[in-house]
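> fold the following, please.
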Amino acid sequence: MSESNTQEALKRLREERKVFIDQARNLIKEQNTSIKKIKEHLSGEGGTIPELAEKTGLSTAEVLWYVMALKKYGQVVEGAKEDDYFKYQLTTPQG
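You can find the predicted model right below:
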């Protein structure tokens, strides 16, 4: 296959999958925005899952999902228990 044929094939493939690519791109943007909101609220004194959900406007399930992912990758630590919930905080300050 010549280079021009390959480029043409890639161009057609991108066009065919444009909708899926745009959906994936938008999902990534939404996730990054959600994580940024959570990190902003964790950078101060931290917070529990319900507190973070209230402050960010996300559901508690979403906040729990993102906080557990951040914890898994060492960006968030679990602090002392406050009532029935653990308080989470960033491991390093935002900057």
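> which intervals of this structure have sub-threshold pLDDT?
Within the chain, the segments meeting pLDDT under 70 span 1, 93-95.
> select the longest helix from it.
In the chain, assigned by DSSP state H, the helix with the most residues is helix 18-42.
> that one - contacts with which helices or strands?
Using 3 or more CB pairs under 8 Å, 6 or more residues apart in numbering; DSSP states H and E, the elements in contact with helix 18-42 are helix 49-56, helix 60-72, strand 85-90. Every C-beta, even on glycine, is put in place using the N, C-alpha and C of the backbone.
> which strands or helices does the very next helix or strand once past the longest one pack on?
In the C-terminal direction, the helix or strand that comes right after helix 60-72 (DSSP states H and E) is strand 76-82. Where contact means 3+ CB pairs under 8 Å, 6+ apart, strand 76-82 is packed against helix 60-72, strand 85-90.
> A strand includes residue 45, no?
No: under DSSP: H, G, I helix; E, B strand; the rest coil, residue 45 sits outside any strand and is assigned coil.
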